[in-house]
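Novice: okay, here's the prediction I keep looking at, along with the sequence it came from:
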Amino acid sequence: MKKPDYLKDLLKCELCEHRCGVNRLAGEAGVCRVTLPTVASAALHQAPPESYTVFMAGCNYKCLNCQNWTISQYPDNGYEQRGYEEPDKLAAECVNQLNSASADLMGADRIFFSGGEPTVHLPYIEAVVAAARKIKPDTKINYDTNGYMTEQSLKRVLSFTTSITYDLKAYHDEVHRALTGVPSRPVLRNAEYIARNAFDKLWEYRIVVIPQINENEIRPLAEFIADIDPLLRVCFLAFRPNFALENHKGAGRGLMRRCVEIAKEYGLMNAYWSGFTGLTGKVIKTAGEIRESYLSEGAQIAGSYAYYAGCQTHPRDCSTCSTNQACMVKRYIPSKIT
């Protein structure tokens, strides 16, 4: 494939906070391990906001609980993806699908970029959006992100989006690292920037609640959000066993209700919860080899799951890990899918 000019950012990729600086157009891989833009799949999707959702393959996180692990852990887990699509072609597909009777019946009114993490493919997404708006100038765009992007990338995202759905994993750095492999500070920085500078574009913050791992993060996250603006929307999602946490217990209804109660204690007016609850499982025994790497119980539990999945650096730090080009977590294949 001839490398188009719009991909020039990939010559020295610093789109996300890993700031790897690799030449992805020459086949060099950074922490995300993705070289060229890769579409995983695209389909009409009922999840709010209703949309034609384009899932992009690959991610700059290695979340232990990822429900889209067959996409996010590309290219290391061997799952086939749809592949590269010319932006004009994908844009036409998206606009045509949003003009269909099925989209009208569903109420789908925008293109929704998800993943994985779309920031890995930001220049490509910008090209698709530009092409879509040549066809239909008022095309709406939703951007679903984990927030681990540079400030410059965030400003680029805000320049073309209609709405943003924003994932928050944890407030405290060690829990965030244990779950995702990256620090929390850039994520919190960007979460606050969006809320203060583009309030109307923030559809909601989304927080997956994982029993005994990040449930103690709900209070500081609620306080953090409420201090910005109590009108911000927050959706607590009930964890269901997935990926390296395939045997961990699901979130119960009581825990989810408590999350909403905590949010209201801090004055958040638009907090709710969603998802399946009460899925059975157990909590792994903390690995003695990493017990001293984390202080809190939640981080120790998450770190243990990472350890047993093959993670060799604790506290987790994917940017500096000497094995990030042969990460065993990215190659992990769960024995069951929920």
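Specialist: Sure, I can see it.
Novice: quick check: buried residues in stretch 92-103?
Specialist: 92-95, 97-98, 103 (16 or more other CB atoms under 10 Å). C-beta: built from backbone N, CA, C; applies to glycine.
Novice: whoops, I mixed them up, stretch 213-229
Specialist: Neighbour count says stretch 213-229 has 213-218, 221-226 buried, by 16+ other CB under 10 Å.
Novice: which residue packs closest to the most centrally placed residue in the chain, ignoring adjacent ones?
Specialist: Nearest to the mean C-alpha position of the chain, counting by CA atoms, centre = their mean, stands N146 at 3.8 Å. Leaving aside its chain neighbours, N146 sits nearest to D167 (4.9 Å; criterion: CB to CB, 6 or more residues apart in numbering).
Novice: show me what contacts the one you found?
Specialist: Contacts for D167 (CB atoms under 8 Å, 6 or more residues apart in numbering) come out as 144-147, 205-208.
Novice: can you name the residues bridging to it?
Specialist: Beta bridges link D167 to R206 when assigned by DSSP bridges.
Novice: now swap in G83 and tell me
Specialist: Residues in beta-bridge contact with G83 (DSSP bridges): V39.
Novice: could you count how many residues lie near it?
Specialist: When neighbours are defined as other CB atoms under 10 Å, G83 has 11 of them.
Novice: what separation is there between it and E93?
Specialist: G83 sits at a distance of 14 Å from E93 (criterion: CB to CB, to the nearest Å).
Novice: can you map out the strands along the stretch 201-338 of the chain?
Specialist: Ranges of strands within the stretch 201-338 of the chain are 202-209, 233-238, 270-274, based on DSSP state E, counting those that start in this stretch.
Novice: counting by contacts, list what the shortest one packs against.
Specialist: Packed against strand 270-274, as judged by 3 or more CB pairs under 8 Å, 6 or more residues apart in numbering; DSSP states H and E, are the following elements: strand 233-238, helix 253-265.
Novice: now do the shortest one against strand 202-209, angle only.
Specialist: Counting by axes from the mean of the first three to the mean of the last three CA atoms, to 10 degrees, strand 233-238 points 30 degrees away from the direction of strand 202-209.
Novice: run me through the strand neighbours of strand 233-238, direction for each.
Specialist: Strand 233-238 has the following sheet partners, assigned by DSSP bridges: strand 202-209 (parallel), strand 270-274 (parallel).
Novice: same list, those, but as CSV with mean pLDDT and mean neighbour count please.
Specialist: Formatted as CSV, these follow (pLDDT from 0 to 100; neighbours: other CB atoms under 10 Å):
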stretch, mean pLDDT, mean neighbour count
strand 202-209, 98, 21
strand 270-274, 98, 17
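Novice: so which of those strands is nearest A29?
Specialist: strand 202-209 (27.3 Å; CB to CB).
Novice: residues contacting that closest one, please?
Specialist: Strand 202-209 is contacted from outside by 48-49, 65, 142, 163-169, 191, 194-195, 214-215, 218, 221, 225, 232-239, 251, 255-256, 259, 270, 273, using CB under 8 Å, 6+ apart.
Novice: could you redo the last one with a cut-off of 7 Å?
Specialist: 49, 65, 142, 163-168, 191, 194-195, 215, 218, 221, 225, 232-239, 251, 255-256, 259 (CB atoms under 7 Å, 6 or more residues apart in numbering).
Novice: please, where are all the helices along this structure?
Specialist: Ranges of helices in the chain, per DSSP state H, are 69-72, 87-98, 101-106, 122-135, 151-160, 173-180, 185-197, 218-228, 253-265, 297-308.
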